[in-house]
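Chemist: All I have is the shape, not the residue letters:
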């Protein structure tokens with residue numbers, strides 16, 4: 001179990017920060033379909049008219065479904081470090097829900113550390129700071145952890 005990370009989430013209501021961080025999704029009470037990011041109002045399942053959506057914690061681990069790297073600086077509203085440093089992105093299939101969730105890969109890891117099927121876990125890291133306050137995001141950290149490369 002990791003300690004909670006001090007700071008504020010970049011996107012409020014999409015994830016918890018610890019001590020066991022989790023993505024937050026919603027589950028429709030009528031059809032049991034689970035969504036990420038969280039939905040409001042109506043079920044996103046086109047075959048369902050459910051309106052009662054429950055916030056649920058999603059799996060904290062999964063396997064890499066696909067990955068790539070961002071060698072170019074994404075446009076706003078993304079806030080990049082100065083100078084810009086490329087980073088890896090992974091689409092991860094969550095263990096229980098089987099949803100595929102896109103996210104950055106933990107600091108120090110790149111696409112060379114990943115392949116389809118690599119097991120990863122959710123971690124919380126600082127994306128950047130605003131007025132000295134860390135702005136937090138979820139990232140995927142490989143479980144075969146010989147440390148960052």
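Modeler: Okay, I see it. Keep in mind that what you see is a predicted model, and the values were worked out from it rather than measured. Residues are numbered from 1 along each chain as shown.
Chemist: Name the residues that touch the one helix or strand residue 66 maps to?
Modeler: Residue 66 belongs to strand 61-70 when assigned by DSSP states H and E. Residues from elsewhere that reach strand 61-70, judged by Cβ atoms under 8 Å, 6 or more residues apart in numbering: 86-95, 100-101, 105, 110-111, 114-122, 140, 143. (Each C-beta comes from the backbone N, C-alpha and C, glycine too.)
Chemist: Filter these down to the buried ones.
Modeler: Buried members of these, counted by 16 or more other Cβ atoms under 10 Å: 87-94, 100-101, 105, 111, 114, 118, 120-122, 140.
Chemist: Strands of this structure, residue ranges please.
Modeler: Counting by DSSP state E, the segments of the chain that form strands are 8-9, 24-28, 34-35, 53-57, 61-70, 87-94, 100-105, 119-130, 133-142.
Chemist: could you measure the residue lying closest to residue 30 once chain neighbours are set aside against residue 64, distance?
Modeler: Nearest non-adjacent residue to residue 30, counting by Cβ to Cβ, 6 or more residues apart in numbering: residue 50, 3.2 Å away. Look at residue 50 and residue 64: by Cβ to Cβ, to the nearest Å, they are 31 Å apart.
Chemist: go on, residue 33?
Modeler: As judged by Cβ to Cβ, residue 33 and residue 64 stand 24 Å apart.
Chemist: what about those two, which has more around it?
Modeler: Neighbour count, other Cβ atoms under 10 Å: between residue 33 and residue 64, residue 64 has more, with 22 against 18.
Chemist: returning to what we had before: can you redo the strands of the chain as TSV with distance to residue 77 and mean pLDDT?
Modeler: Output for those, formatted as TSV (distance: least, Cβ to Cβ, whole Å; pLDDT from 0 to 100):
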stretch	distance to residue 77	mean pLDDT
strand 8-9	15	92
strand 24-28	21	97
strand 34-35	22	95
strand 53-57	24	97
strand 61-70	15	96
strand 87-94	16	97
strand 100-105	15	96
strand 119-130	12	93
strand 133-142	12	95
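Chemist: Fine by me, thanks again.
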